[in-house]
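> fold the following for me, if possible:
(4 chains)
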Amino acid sequence: MTTVEDRNYKVIGTRPIRHDGADKVTGRAIYGIDYHMTGELWGKILRSPHAHANIVKIDTSKAEALPGVRAVITGRDLPVAADMEVDDGETSINTMHLSNNVMAHRKALYRGHAVAAVAADNQHIAEDAVNLIEVEYEVLPPVLNGREAMKADAPLVHPEQTTKSMAFRFDPGTDTGEKSNIAGRTEMRLGDIDEGFKQADVIVERVFNTNWVHQGYIEAQNATVLWNNDDSIQVWNSSQGTFNQRQLMAEILKHPVSKIRITPQEIGGGFGGKIPVYLEVPAAVLSKKSGRPVKMMMSRAEVFEGTGPASGSETVCKMGATKDGKIVAAYAELVFEAGAFPGSAVGAGAQGMFTTYNIENILIHAYDVVVNKPKSAAYRSPGTPQTCFAAESVVDELAEKVGIDPLEFRIMNAAKEGDRRADGVAHPVMGNLECMVQLKESNHYKSDLGGPNRGRGIASGYWGNAGMPASCAVSVNPDGTVSLAEGSPDIGGSRVSLAMMTAEAFGIPAEDVIPIIKDTDSIGYNGLTAGSSTTLRNGVAIAQVAKQAIDLMKARAARLWETEVDNVDFADGVFFSKAESELKLTFKELAGKLMETGGPISTAASVAPRGAGPSFSTHMVDVEVDPETGKVDILRYTAAQDVGVAIHPDYVEGQVQGGAVQGIGWALNEEYFYDDSGRMMNSSYLDYRMPTSLDLPEIDAILVQVPNPDHPFGVRGVAEISIVPPLGALANAIKAAVGVRMQELPMAPYKIVKALWDKEAESNGAG
Amino acid sequence: MPSEKIHVRTTVNGEATDFLCEANQSLLEVLRDVLYMTGTKEGCNDGNCGACTVNLDGRIVDSCLVLGVEAQGATIETIEGVATPEGLHPIQQAFLENAALQCGICTPGFIVASKALLEREPNPSEHRIRHWLAGNLCRCTGYDKIVRAVVDAAGHMGGKS
Amino acid sequence: MRPIEYVAPTTVDEAVAALAEKGDAARPLAGGTDILVQLRGGRRAVDRIVDVKRIPELNELSYDAQAGLRVGAAVPCHRIYEDEAIAAVYPGLMDVATLIGGIQIQGRASLGGNLCNAAPSGDSIPALIAHNAVAEVAGPGGKRDVPVEDFCTAPGRTVLGPGEFLVALRMPTPPASFGASYLRFIPRNEMDIAVAGAGASVVMDGNTVTACRVALASVAPTPVLAEEAGAALVGKEPTDDALAQAAEAARAAAKPISDMRGTAEYRTHLVGVLTTRALRNAIQRAKEA
Amino acid sequence: MATVWIPTPYRELAGGASTVVVPGATVRQVTRNLDSAYPGFWERLVDDERDRIRAGITVVVNGVSVGYALYEPVGEDDEVHYLPAIAGGAGQLQGTGIQ
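Predicted coordinates:
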């Protein structure tokens, strides 16, 4: 295995200024809603005020009569979708469900479910018109909790749905025939769980609950859509994957995929939430009906209530260890609330749960359960924060019971190359143990807590990362620069990382690469800006296009030097003759001679990379808890993560820091707070309480670099894993600080105070 | 039905700027949809994210919580007025050099807010920076690099940070 | 937002007329940080907005030792905390002016607006009560004064009648050895709504409390003056026991509900914690005054 | 011959075995041969209409995800897993599934 130092990179590992930087610090960058068209209308959605209701009748006549209103649509204006399973991001979804989610057909399945839409001359008129639409509902009792929904007498979200006992989630599996909110169940078994627990000297079993949380991207979903007179549809939007959304739109609208073009604008955050389509479909139908381009943007409340947050969950976790500290058995039962339609991230949660450790006997039962809440979507390492919160809490307790330091305990049990995950797959080269060891060597680990009511917590995490196809094209410019055309929306600085790999391959400075993001008709297929895959997969394509272009340029050098192409080689940005050492041309020099030697050079490649390279990470946090108010202050935070090769270390650190802070928010304060009727009570940034700058200390990122052997530049995904460890790390830190084991997220102040009271009552009772 | 439009005279980024707006339009809406100055961003439209921060008569405000008509006679500075033809402002440069942005949607608000801080207090502590910027939400960076960028900019602008 | 009419009178009388003409369908606009959110969210509907910021009296911020403090109803928070003299004499006001919203909100939001919004969680209200503030109200019948503790009548409702609006808040100059403090509990460190809040003021004679007021936020339909809590300390030295009695009296005055911000039980508990801390802080400030 | 790891819920189909050894030079051949030995697997794993592995399932050959492609090569001593397709949004309509 080569280390990153062995690779001797010139550009990779440096910190150039991002290519889109000037646009973004001056306000000139065009985000989705900044795109304007002549004659555009504003669209607005009417959403269900009920969590569960039959739509008896919709009367749009008053809205249609309002001056300035140009079109009104309901679910009846969408084609009847096929009852067919398709992949959608990290989950898969039935096409009919997909269609029903963007616009309810006969039933509203969650509060915030779209039931009608209006296009009008401006947003204020559109809002007024929406309020004039009269909907007659037959309100049904909602089911709002996964465990409750599993009960035989629970109201059925989809009355015809039966439980599928299946390998994963999908047909045909084995249909129980039993009507149920359990859309699917699966299990993963490794070794012999009963035998494992027999070997255990200590066993800990606990139940953990997490609440729904939102990705919290600052830019709301938006789309501008033109359904043209030739039936071509053009979309300008905020997208984590234009090709996927094009396909989803085609399925829902029953429209040829080639007649839909999506031009991604700058995207203001996504974290998984901008993989699905929402507004794109009603905006298209409104455009068709009105003959005008239609622009739509969600309000913040609509974003919370009408998009796809991350599932709430219940996890039963039982683990056993020998008295000398070896984890010998792990059992879990996972109940994930999918929301109104099947397809939570429970499979990923199951796969990631115990993966940091080498455990020979594992059994995991997992349930995907529908409830009257929005359809869940991907959120940074989907499914895994919930389950690792449980596992890491239990691991900590095991370490305590066997009297071993929690970090040492993790090191002793760390999974290594060749060890098997719960699903049986053997681990490839990865830096799990290295993260733990480097954290142990950090100043943070060696520091004192320095005060009462303080505690230190540690937790580890795993995320598998993704590959996905990519297409890139390069053209060599006469001034020796290279234009890079790519198709993955840049959500956090991928332009610069892709430009740097391109620069490395051509032996030119990063500034000499011009990265441009193309629409779906201007570049080959690209996967999602998701799955921590953008730099990885485009890096594979870049290596290929660069090789093609360099090979073509070698032939031009051969022509100039009147020699055979086999005599020409390229290294460190210089073409040279193997025969005559004085014959040399820099990349830039040769680029200036292309027209004289046969014309311009551009190359393109499409790839489907394998071997994404898994991510591992261990975090450490110091907290101080105010025992009177339950408030948790974060004093110090360090995250160690295997990042493969850090192309641009600043942006890699940024991913580590940003994910850690999202995890901190999830752990401490963020949640969907529902009343009994299924109404979200806190659908604003004020009450949802994402962390502010004042809630945080510095976040130290230790970049552990174990290159991915399956990648030309050693890249492994870096973006998602960082949200996994904070939940458990904070729970463990709170336990260390004030002695209470929090088993429910968020660990809000009132819950911590309650836990302290309960502990006191217990010790009084015992005393 | 559009109601009667009101004529508002302001100074935007040093230029006398007149516009017509309806009384229910926010300053944010006027900037973006009337003046087509889309650098100021909408994040929440209720004063809780700071993405729409502008400087109004010397104070930073959330432009979603100001009516366009209230700006009669006001001096407004937006993100579009921060850089000059000579180049980026030191804060903008510091954001770039410190990789203090990922998606960039919150960046204009952070830059307008940070500039107001450093003009008032050239050498703020890290805690003061975090306090001043608490009205600006960023979901990508975890704030670490933003805070570092402001410290760095203070140094370049003459503060001793 | 529905179409609205915007008027910006320059005198109190014009404002009264503009409001009175429309009754409940008109609403004054000061900093706008609450009303615009409510109008946009459909939680309030009005036909006319009366921008009171162009009326000189509403922008006045004046203090002299004789007359006390006068804060125009539209004076934004930042003007209070940037005035060192006022911040020194009215520490409770300083506390709330710096914790309402973030810097952007403080550039617009006023104490008067916070009072008129009449949220149970209105942070400035307990501090105003602690400082014995009086609301100066103008209306069709002329001017009248209302003690701040009597101003809010229900969530979002006040004593203001048709055509009436708040002109200013007046506070007497505190006596010697006076201290005040407002503390709230929020899960974040900024940009949040109080789960519970406590304002306190004391006058000390040596180590004896000679006057004391305690007021609470977020634990009843309106911010409340907890008279018994103040009374519990008067004539006493602020020992742990005495403070505990005051805190207990404050807890008794709290009638909180359980909601997304915390359970009733937790809020009552917080009232005790915050009252104790606010009193200690006020006493410390009184000793330093 | 490749070693196929049987998805846990389907182990009954394979007489309770967690792994079975079957011949085949592609995912398609391995899956066919698995089905011949233990009928029922083809139907559960393969979408005949679209000539691919079913939506939501990804095939992993020797630890490397090959998505839903039936025609991927399988080596003599390779391990083959059929897993849920999961990632931070990965695995889309025309894409490859993810390990």
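> where along chain B do the helices fall?
B:27-29, B:90-97, B:107-120, B:126-132, B:144-156 (DSSP state H).
> show me what the fourth one is packed against.
Think helix B:126-132. helix B:107-120, helix B:144-156 (3 or more C-beta pairs under 8 Å, 6 or more residues apart in numbering or on different chains; DSSP states H and E). Just so you know, the C-beta spots here come from the backbone N, C-alpha and C atoms, and that holds for glycine as well.
> the same query, at a cut-off of 10 Å, please.
Here helix B:126-132 touches helix B:107-120, helix B:144-156, helix C:103-106, going by 3 or more C-beta pairs under 10 Å, 6 or more residues apart in numbering or on different chains; DSSP states H and E.
> would you mark the buried spots in it?
Across helix B:126-132, burial judged by 16 or more other C-beta atoms under 10 Å in any protein chain shown covers B:129-132.
> read off the pLDDT value for residue 1.
Going with chain A. Note on A:Met1: pLDDT of 63.
> nope, chain D please
Confidence score, pLDDT, at D:Met1: 90.
> and C:Ala135, what does it touch?
Counting by C-beta atoms under 10 Å, 6 or more residues apart in numbering or on different chains, C:Ala135 touches C:73, C:112, C:115-116, C:128, C:144-151, C:158-160, C:166-170.
> among these, which ones are in strands?
Of those, the ones assigned to strands by DSSP state E are C:144-147, C:158, C:166-170.
> quick check: domain ranges of chain B?
Domains of chain B are assigned by automatic domain parsing as B:6-81, B:90-156.
> buried deepest among the ones you listed, which one?
Highest mean neighbour count among those (mean count of other C-beta atoms under 10 Å in any protein chain shown): domain B:90-156, with a mean of 24.
> not counting its neighbours along the chain, what's nearest residue 62?
All of this is about chain A. For A:Lys62, ignoring the flanking residues on the chain, the nearest one in space by C-beta to C-beta, 6 or more residues apart in numbering or on different chains is A:Leu132 at 4.1 Å.
> try again with chain D
Nearest one to D:Asn62, counting by C-beta to C-beta, 6+ apart, is D:Asp78 at 4.8 Å.
> just the buried residues of stretch C:12-28, please?
Residues C:12, C:14-16, C:18-20, C:22, C:26-28 are the ones in stretch C:12-28 that count as buried (16+ other C-beta under 10 Å).
> can you check stretch A:472-479 too?
A:472-477.
> what number of residues lie near the residue of the stretch 501-650 of chain A found nearest chain D?
When scored by C-beta to the nearest C-beta, the stretch 501-650 of chain A has A:Ala530 as its residue closest to chain D, at 2.9 Å. A:Ala530 has 35 neighbouring residues, counting by other C-beta atoms under 10 Å in any protein chain shown.
> the residue nearest to B:Ile111 when sequence neighbours are not counted: what's it in contact with?
Among residues not flanking B:Ile111 along the chain, B:Ile91 sits closest, at 5.5 Å (C-beta to C-beta, 6+ apart). Counting by C-beta under 10 Å, 6+ apart, B:Ile91 touches A:25, B:82-83, B:100, B:110-115, B:117-118, B:149-150, B:152-154, B:156-157.
> 8 Å instead?
B:Ile91 is in contact with B:82, B:111, B:114-115, B:118, B:149-150, B:153, B:157, counting by C-beta atoms under 8 Å, 6 or more residues apart in numbering or on different chains.
> adding pLDDT, write these out as CSV.
Listed next are those as CSV, based on pLDDT from 0 to 100:
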residue, pLDDT
B:Val82, 98
B:Ile111, 98
B:Ser114, 98
B:Lys115, 98
B:Leu118, 98
B:Ala149, 98
B:Val150, 98
B:Ala153, 97
B:Met157, 89
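> tell me the predicted confidence for residue 28.
Here I'm looking at chain A. Value listed for A:Arg28 in the pLDDT field: 97.
> look at chain D instead
pLDDT, D:Arg28: 96.
> assign A:Ser483 to helix, strand or coil.
When classified by DSSP: H, G, I helix; E, B strand; the rest coil, A:Ser483 comes out as strand.
> identify the bridge partners of it.
In this structure, A:Ser483 bridges to A:Ser475, A:Ile514 when assessed by DSSP bridges.
> mind listing the helices for chain D?
According to DSSP H, the helices that chain D contains are D:27-37, D:41-45.
> looking at the ones you listed, which has the lowest confidence?
Looking at the helices of chain D, the bottom one is helix D:41-45 with a mean of 89.
> let me see the contact set for whatever residue of chain C ends up closest to chain B.
Nearest residue of chain C to chain B (C-beta to the nearest C-beta) works out as C:Gly102 at 2.3 Å. By C-beta under 8 Å, 6+ apart, the contact list for C:Gly102 reads A:692, B:50, B:134-136, C:190-191.
> give me the phi and psi angles of the residue of the stretch 501-650 of chain A closest to chain D.
phi -170, psi 170 (degrees, to the nearest 10).
> pretty sure it contacts A:Ile275?
Yes: using C-beta atoms under 8 Å, A:Ala530 is in contact with A:Ile275, at 5.8 Å.
> pLDDT score for the residue nearest to B:Ile111?
So B:Ile91 comes in at 98 (pLDDT).
> do you know how far it is from C:Gly107?
According to C-beta to C-beta, to the nearest Å, B:Ile91 and C:Gly107 sit 19 Å apart.
> do the same with A:Phe576
Distance from A:Phe576 to C:Gly107, by C-beta to C-beta: 63 Å.
> what about these two, which has more around it?
C:Gly107 (27 against 20).
> apart from its neighbours in sequence, what residue is nearest the residue of chain B found nearest chain A?
Chain A sits closest to B:Gly39 of chain B, with a gap of 1.9 Å, by C-beta to the nearest C-beta. Closest residue to B:Gly39 apart from its sequence neighbours, by C-beta to C-beta, 6+ apart: A:Gly27 at 1.9 Å.
> for C:Asp95, same thing?
C:Asp95 sits nearest to C:Tyr182 (C-beta to C-beta, 6+ apart), 4.2 Å away.
> ok so, going back, so for A:Met150, which of the domains of chain B sits nearest?
Closest to A:Met150 of these is domain B:90-156 (C-beta to C-beta; 33.1 Å).
> contact partners for C:Asn132?
C:147, C:171-172, C:201, C:213.
> kindly report the same for B:Leu96.
Counting by C-beta under 8 Å, 6+ apart, the residues that B:Leu96 touches are A:17-18, A:21-22, A:25, B:88.
> with A:Ala591 instead?
A:476-481, A:553.
> helix, strand or coil for the residue nearest to C:Asp95?
strand.
> hmm, back to that, can you list the helices and strands packed on helix B:126-132 in TSV and add distance to B:Leu31?
Output for the helices and strands packed on helix B:126-132, formatted as TSV (distance: least, C-beta to C-beta, whole Å):
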stretch	distance to B:Leu31
helix B:107-120	11
helix B:144-156	23
helix C:103-106	15
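> and of the domains of chain B, who's closest to A:Arg185?
Checking those against A:Arg185 by C-beta to C-beta gives domain B:90-156 as the closest, at 33.7 Å.
> which helix is the longest one in the chain?
Went with chain A since none was named. helix A:534-561.
> should've been chain C
Chain C, longest helix under DSSP H: helix C:264-288.
> does C:Lys287 touch C:Gly179 like I think?
Yes: C:Lys287 is within contact range of C:Gly179, at 7.3 Å (criterion: C-beta under 8 Å).
> of those two, who's got more company?
Neighbours per residue (other C-beta under 10 Å) separate C:Lys287 from C:Gly179, with C:Gly179 holding more: 24 against 13.
> got a pLDDT number for that one?
Reported pLDDT for C:Gly179: 98.
> do the same with A:Asp83
64.
> now swap in A:Val86 and tell me
61.
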